[in-house]
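# after the sequence you'll find the predicted model.
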Amino acid sequence: MAYSLAEIVTRFGGELLDDNGVTVSGVAPVERAGPQEIAFVSQAKYLRDIGSSQAGALILPPEGRDSDRRPRIVSDNPYLYFARVSTLLNPAPQPIPGIHPAASVHPQARVAASAAIGPGTVIGEGAVIGERSIIGPNCVIGEHARLGDDCLLHANVTIYHQCVLGSRVILHGGCVIGSDGFGFANDKGRWVKIPQVGRVVIGDDVEIGACTTIDRGALDDTVIEEGVKLDNLIQVAHNVKIGAHTAIAACTGIAGSAKIGRHCMIGGAAMIFGHIEIADGVRISTNTLITKSLTKPGTYTSALPFSEHGEWLRNAAHLRNLDKLAGRIKELEKRISELEGNK
Amino acid sequence: MAYSLAEIVTRFGGELLDDNGVTVSGVAPVERAGPQEIAFVSQAKYLRDIGSSQAGALILPPEGRDSDRRPRIVSDNPYLYFARVSTLLNPAPQPIPGIHPAASVHPQARVAASAAIGPGTVIGEGAVIGERSIIGPNCVIGEHARLGDDCLLHANVTIYHQCVLGSRVILHGGCVIGSDGFGFANDKGRWVKIPQVGRVVIGDDVEIGACTTIDRGALDDTVIEEGVKLDNLIQVAHNVKIGAHTAIAACTGIAGSAKIGRHCMIGGAAMIFGHIEIADGVRISTNTLITKSLTKPGTYTSALPFSEHGEWLRNAAHLRNLDKLAGRIKELEKRISELEGNK
Amino acid sequence: MAYSLAEIVTRFGGELLDDNGVTVSGVAPVERAGPQEIAFVSQAKYLRDIGSSQAGALILPPEGRDSDRRPRIVSDNPYLYFARVSTLLNPAPQPIPGIHPAASVHPQARVAASAAIGPGTVIGEGAVIGERSIIGPNCVIGEHARLGDDCLLHANVTIYHQCVLGSRVILHGGCVIGSDGFGFANDKGRWVKIPQVGRVVIGDDVEIGACTTIDRGALDDTVIEEGVKLDNLIQVAHNVKIGAHTAIAACTGIAGSAKIGRHCMIGGAAMIFGHIEIADGVRISTNTLITKSLTKPGTYTSALPFSEHGEWLRNAAHLRNLDKLAGRIKELEKRISELEGNK
């Protein structure tokens, strides 16, 4: 499917310049785009790269308005504009309605007639699948789980019993929703399991990455609000709440009962303690450990960048003697004060 | 199913006070419990919350014995007591014996008649499934793997060939038991795979979280002893041994041939070097790197809590110059000694 | 299958000493090997252990040539030699050609007649499976994905549409190849998904661990070159390139568009920023954060080993005041200079 720039501007706005009637059928990076493709430049500093591009059309920031003479769309937010154009040119897969004969759907499950259920997928008793939702191959949807409309589950996704998903939720391969929280009482050295009787409740427009795990609540629910985006290999423990439109990068772990605000951005491999609250709009850096509540927006960090190995060892050894070093400084201050008094 | 407090005390002990014959059918948090539910308070400081609770009954610590007049059970360990009551009120799923017609069980596998095999599950040649074990949908049990009695495998679990599980083992969705250890010899820059011919051997009463991976041994076995609890997204490398009743939180990695003691507690995202030994009863903090053997119990830490970003950068920059800072302190001490000698 | 040492030396070289015609049918550790087994010693310091071994034969380094009188092979690289012998004695599983009746293969997929497709496996339209490749149970191969010859996919592997694998690729249980990269544009606080239209392209002789996730490229491809070895639970983001023969240990995360060189060795739980380049032959320590490009080989580190908890807290508290400590040192230097000037 190809679109003219005029059609694109009609849909998404922006200023169209030097249109020659070209149609574009795909998006591509500036350096690789061909005459049927549209490329974008998000920041002025990359404008120098467009001269040699073969792209048939460009999406440019206002500063780049006159950097090129070919057909181009000027937008205040070229990256967002590109996202919209790319979605137009790469539409999401459409469901081919029906239940594959190699799926196992419980007779007491309710699957919308417009939904598509892949081969090998198992849908439990009382589960509900909404309109036009696509459940990829070899997924397992537990008893009484409920999925909204237009969801897309890739292959090998697991949803435990009674979990609830909104509409337009995207789940990637291997992710697990609703596994038991890690809750045990200790009985003279032996662990006694606490039944995890809460659910996972996921809002609309959430996307969850491959092999990410979200535990069900112990008593209350684990809640992922609308518009949250989780990358791959993230651990969300029981009774966590993640506020709307928060994005979290891969390998992050969130301990039990942490409450994360709305519109937060959390870097990769962050670790967040349990039972703390993080305000709306907080940013957490990669590799950062959050040990207590954050009551106001801002960026928080505890990551240590690398050094050359030998140099690192020399410095890190002192870190483990910092208390002594600090004591020596205090002692020096005392001695020098005495000397100064003696002058 | 509902139980009277008298029935509960008969089973689990504790002191029953002001019983009015109420029956309870569920557990709930203090603030949300209703008249048919029992709530618990684990610590004295939370006793102030019970006044407004609608709970029909309470489990209280000794200090709270007289904080309320409604039917209540006093226990020295309310959290453990609650675990037992919750297990009574939320019994584990019972197997509906039989092999689902959409399962693929090898004719030379031995599945107990009382076991339940879910749809899409594949059981290999020579595998053994014990009495009353439940194998969820789309699991794969490799050739000659052996599972004990009363195991519960949730969906999409993978067990490689020849691995051995005890009884009452719980495996969560997406976990992988018995994948090859990461063993290669280097041949002039190219990696030559070392066949991983050991197994994974898992004791009784072990629980393993979603997407946790446990590699088979290179020559000897990887061993997870009885009562061990592993959270989600944990990596256990080849030939690791984890001692009985040790609990490990999510995102932790344990390198090859590490031997971890009994009754240890290991925080999230800890990393443990290979070929070391950790004594019984050790506690390791979240985000901590264990680089050498720990010969005695205690708590060990290397986690750095966050700061506000700019403040962190200012301090972290000095960390990378600590060796120079330490040198300057030493120099100052020398100079000041000279001055003091000059007095 | 048993082999004489003479047959082994004919295949793999090395010096055979005191051969008595023994045949060996397996490999085992020195302390556990029996008369039908061959054991190896990689380093001179372990030679002391062989005296009590029951092994029928030994692989020894040159320094150990005369440490024992039993049949033995002397090799400059005993570990590599052992890898080859173990591979001979533990041959990889051979495919039993054919498509299991419980597999779902799209009529427009092309599966080599010599390939073996396990039960529950789903192969999409246009997918290609090469000669003698083994696809384990409950795998999902997306539309138009292409696998070379002699690949081995264990159970529950997911490969998304259009991804390409070379020959002799080994994928472990639960790994996910080709999930969408984590790419979103922000529209007034809401995230707009960027279609991820690149692929994952994997070279020959790559091995990928359990529950490791590799995202497809946003526009261009994510590339894993030949001979790369990835351990379990690794995150590879979109448009990453990993150079040939690089090995990466478990729990590592690599952010988008990072380019990693050839023959690198990356420790566990390393985190690598996006959009940086790492030279060939770099080594990165466990738990190390790489925040910028590395232009030359060497070892790079930012890991902090543990201390006893109380001691750690005392030292770490000063770390968060290092800027002030450094200021106090500077002040002391100034004061002492003044005193020295006063002398």
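That came in fine, so what should we check first?
# residue ranges with poor pLDDT in chain A?
For chain A, the stretches with pLDDT under 70 are A:343.
# where along it do the helices fall?
A:5-12, A:78-89, A:309-319, A:322-342 (DSSP state H).
# what's the closest of these to residue C:207?
helix A:309-319 (26.9 Å; CB to CB). C-betas here are computed from N, CA, C, even on glycine.
# other SSEs contacting that closest one?
helix B:322-342, strand C:298-301 (3 or more CB pairs under 8 Å, 6 or more residues apart in numbering or on different chains; DSSP states H and E).
# between it and helix B:322-342, how big is the angle?
50 degrees (axes from the mean of the first three to the mean of the last three CA atoms, to 10 degrees).
# which one of the helices and strands packed on helix A:309-319 lies nearest to residue B:1?
strand C:298-301 (57.4 Å).
# show the contacting residues for residue A:134.
By CB atoms under 8 Å, 6 or more residues apart in numbering or on different chains, the contact set of residue A:134 is A:93, A:95, A:115, A:116, A:118, A:151, A:152, A:153.
# burial count for the closest residue to residue A:166 other than its chain neighbours?
Counting by CB to CB, 6 or more residues apart in numbering or on different chains, the nearest residue to residue A:166 once its immediate chain neighbours are dropped is residue A:204, at 3.7 Å. Neighbour count of residue A:204, defined by other CB atoms under 10 Å in any protein chain shown: 17.
# these two touch, right, residue A:204 and residue A:169?
Yes. Proximity of residue A:204 to residue A:169 meets the contact threshold set by CB atoms under 8 Å, at 7.2 Å.
# what do those two both touch?
residue A:148.
# how about residue A:63, nearest residue that isn't a chain neighbour?
Using CB to CB, 6+ apart, the closest residue to residue A:63 is residue A:44 (4.3 Å).
# same thing with residue A:291?
Among residues not flanking residue A:291 along the chain, residue B:305 sits closest, at 4.3 Å (CB to CB, 6+ apart).
# can you check residue A:62 too?
Looking at residue A:62 with CB to CB, 6+ apart, the closest residue is residue A:74, at 5.9 Å.
# got the phi/psi numbers for residue A:237?
Backbone geometry at residue A:237, expressed as degrees, to the nearest 10, gives phi -80, psi 180.
# and if you look at the one 3 residues further on?
Listed backbone geometry of residue A:240 is phi -70, psi 150, with angles given as degrees, to the nearest 10.
# which residues touch it?
Contacts of residue A:240 by CB under 8 Å, 6+ apart are A:214, A:222, A:223, A:254, A:255, A:256, A:257, A:258, A:259, A:260.
# residue B:238 versus the spatially closest residue to the fifth one that is not a sequence neighbour, what's the distance?
So that's residue A:255. Nearest residue to residue A:255, sequence neighbours excluded (CB to CB, 6+ apart): residue A:274, at 3.5 Å. From residue A:274 across to residue B:238, the span is 31 Å (CB to CB, to the nearest Å).
# how about residue A:47?
Going from residue A:47 to residue B:238 by CB to CB gives 52 Å.
# next: residue A:95.
43 Å.
# residues touching residue A:268, list them.
Counting by CB under 8 Å, 6+ apart, residue A:268 has contacts A:231, A:249, A:250, A:251, A:252, A:286, A:287, C:235, C:253, C:255, C:271.
# so what's residue A:245 closest to, chain neighbours aside?
Distance criterion CB to CB, 6+ apart; nearest residue to residue A:245, sequence neighbours excluded, is residue A:227 at 4.1 Å.
# that neighbour and residue A:170 touch, don't they?
No. The pair residue A:227 / residue A:170 is not scored as a contact, 11.8 Å apart, by CB under 8 Å.
# more neighbours, these two?
A side-by-side neighbour count of residue A:227 and residue A:170, using other CB under 10 Å, places residue A:227 first with 23 against 19.
# buried residues in stretch A:71-78?
With burial defined by 16 or more other CB atoms under 10 Å in any protein chain shown, the residues of stretch A:71-78 counted as buried are A:71, A:72, A:73, A:74, A:75, A:77, A:78.
# from these, which land in strands?
If you go by DSSP state E, the buried residues of stretch A:71-78 have A:72, A:73, A:74 in strands.
# closest to chain C out of those residues?
residue A:73 (15.0 Å; CB to the nearest CB).
# run through who's touching stretch A:35-54.
Residues from elsewhere that reach stretch A:35-54 (CB under 8 Å, 6+ apart): A:2, A:5, A:22-31, A:33-34, A:55-61, A:63-64, A:67-68, A:78-79, A:81-82, A:85.
# can you rerun that using 7 Å?
A:24-31, A:33-34, A:55-61, A:63-64, A:67-68, A:78-79, A:82, A:85 (CB atoms under 7 Å, 6 or more residues apart in numbering or on different chains).
# end to end, how far does stretch A:63-77 reach?
11 Å (CA to CA, to the nearest Å).
# residues from the stretch 101-250 of chain A in reach of chain C?
Residues of the stretch 101-250 of chain A lying near chain C by CB under 7 Å from any CB of the partner chain: A:102, A:118-120, A:137-138, A:154-156, A:172-174, A:207, A:209-211, A:227, A:229, A:231-233, A:245, A:247, A:249-250.
# find me whatever residue is spatially closest to residue A:112, sequence neighbours aside.
residue A:131 (4.5 Å).
# do the same with residue A:118
residue A:137 (3.8 Å).
# what's near enough to touch residue A:156?
Counting by CB under 7 Å, 6+ apart, residue A:156 has contacts A:138, A:139, A:173, A:174, B:156, C:140, C:156, C:158.
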